[in-house]
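Q: Kindly return the folded structure for what I paste below:
(one chain, ligands or ions: 1)
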Amino acid sequence: MTTKIIRCPCGTVVRARDEDSLVTQAQKHARDVHAMELTREQVLAMASPE
Ligand SMILES: [Zn+2]
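A: Residues are numbered from 1 along each chain as shown. Alright, predicted model coming up:
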């Protein structure tokens, strides 16, 4: 599987080699830093190939 990344507007880059890991990390970041709950669909919609 290819690496995917999410560039958060705050400047944080979340990078993962599989979808589950990307979703988990992005959800944790959104919750911890932005007090936001993201769905899996929202995370994947923000993701782009590296
Ligand atoms: Zn952020």
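Q: Tally up the residues packed near C8, please.
A: One way to gauge burial is a neighbour count; for C8, by other Cβ atoms under 10 Å, it gives 14. Just so you know, the C-beta spots here come from the backbone N, C-alpha and C atoms, and that holds for glycine as well.
Q: Correct me if wrong: it contacts V14.
A: Yes: assessed by Cβ atoms under 8 Å, C8 is found in contact with V14 at 6.9 Å.
Q: Need the overlap of contacts for these two.
A: Common neighbours of C8 and V14, counting by Cβ atoms under 8 Å, 6 or more residues apart in numbering, are H29.
Q: Which of the residues in stretch 5-19 are classified as buried?
A: 6, 14, 16 (16 or more other Cβ atoms under 10 Å).
Q: wait, is L38 part of a strand?
A: No: membership of L38 in a strand is not supported by DSSP: H, G, I helix; E, B strand; the rest coil, which gives coil.
Q: so what's the backbone phi/psi at it?
A: Main-chain dihedrals, L38, degrees, to the nearest 10: phi -100, psi 140.
Q: For it, give me its contacts.
A: Per Cβ under 8 Å, 6+ apart, neighbours of L38: 26-27, 30.
Q: repeat that with 6 Å
A: Going by Cβ atoms under 6 Å, 6 or more residues apart in numbering, L38 touches 27, 30.
Q: Likewise for R7?
A: Taking Cβ under 6 Å, 6+ apart, we find R7 in contact with V13.
Q: Dig out what it forms beta bridges with.
A: Note on R7: beta-bridge partners V13, judged by DSSP bridges.
Q: The ion contacts on the chain?
A: The chain comes close to the ion at residues 8, 10, 12, 33, as judged by Cβ under 5 Å from the ion.
Q: Let's see that with 8 Å instead.
A: Residues of the chain lying close to the ion (Cβ under 8 Å from the ion) are 8-12, 29-30, 33-34.
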